[in-house]
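Asks: Model the structure of this input:
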Amino acid sequence: MTTWIRPVIAAVSLLLMQAVQAQQIFLCVDASGHKELTDTRKGPHCRPLDVPGAQIAAPKARAEGSQRTRVPAPVATAPSDFPRVDTSEQRARDADRRQILQDELTGELSKLAEMKREYNNGEPERRGDERNFAKYQERVASLKDSISRSEKNVEALRREISNIR
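Replies: The predicted model follows:
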């Protein structure tokens, strides 16, 4: 590979990255053999380069004072042969779902109450197997994490129940 090709490739890459408007890249060679890459034809000794991606479309300019308009998202429609559920069946399913979520919420609330009782505001009773204070602190931290996770579960279940129609 000749020594001038690498700098030319690098320069072409740089021109491509910095291109803002649609442009053509030209390779110009002067009388002494010096090569120059440019985006304008500077004379008869310039030839256009065929570089994939060299034609980069410029972004469309907005008219002064124009507002950006929000394009509404396309509405998803089901195919005509898509199975449908009648209203009473859907209500029954929603009622079942609500009951399942209510049962989960009740279980999560009782579990949370038990963990908070055991946590005892950050000072749970030490167990016999926790002679090492570090082990006790590890259990306290684990209880605190479990309480936090359980509170998030309760919030999520309540949010899910409120979303049921």
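Asks: Tell me the helices and strands packed up against the top helix by length along the chain.
Replies: In the chain, taking DSSP state H as the definition, the longest helix is helix 87-119. Packing partners of helix 87-119 (3 or more CB pairs under 8 Å, 6 or more residues apart in numbering; DSSP states H and E): helix 133-163. C-beta: built from backbone N, CA, C; applies to glycine.
Asks: ok and the helix it packs on relative to helix 87-119, angle-wise?
Replies: 160 degrees (axes from the mean of the first three to the mean of the last three CA atoms, to 10 degrees).
Asks: List the buried residues in helix 133-163.
Replies: 136, 139, 140, 143, 147, 150, 153, 154, 157 (16 or more other CB atoms under 10 Å).
Asks: swap in stretch 93-110?
Replies: Buried residues in stretch 93-110, counted by 16+ other CB under 10 Å: 101, 104, 105, 108.
Asks: so how far is it off the chain centroid?
Replies: Stretch 93-110 sits 31 Å away from the centroid of its parent chain (CA atoms, centre = their mean, to the nearest Å).
Asks: Give me the contact list for it.
Replies: For stretch 93-110, contacts defined as CB atoms under 8 Å, 6 or more residues apart in numbering pick out 85, 150, 153, 154, 157, 158, 160, 161, 164, 165.
Asks: What distance do you get for residue 25 to residue 162?
Replies: 59 Å (CB to CB, to the nearest Å).
Asks: pLDDT score assigned to the residue nearest the centre of the chain?
Replies: Nearest to the geometric centre of the chain sits residue 73, at 18.5 Å (CA atoms, centre = their mean). Here the pLDDT value assigned to residue 73 is 73.
Asks: same thing with the one 3 residues further on?
Replies: As predicted, residue 76 sits at a pLDDT of 76.
Asks: which SS state does it fall under?
Replies: coil (DSSP: H, G, I helix; E, B strand; the rest coil).
Asks: Counting neighbours, what do you get for it?
Replies: 5 (other CB atoms under 10 Å).
Asks: Could you number the chain from 58 rather than 1 from now on?
Replies: Understood, numbering begins at 58; the last thing we discussed is residue 133.
Asks: so how far is residue 142 from it?
Replies: According to CB to CB, residue 133 stands 17 Å off from residue 142.
Asks: Could you do residue 191 as well?
Replies: From residue 191 over to residue 142 (counting by CB to CB), the distance is 57 Å.
Asks: Repeat that for residue 161.
Replies: According to CB to CB, residue 161 and residue 142 sit 24 Å apart.
Asks: Give the residue spans of the chain that score low on pLDDT.
Replies: Residues of the chain that meet the criterion pLDDT under 70 lie in 58-62, 64-65, 67-80, 108-126.
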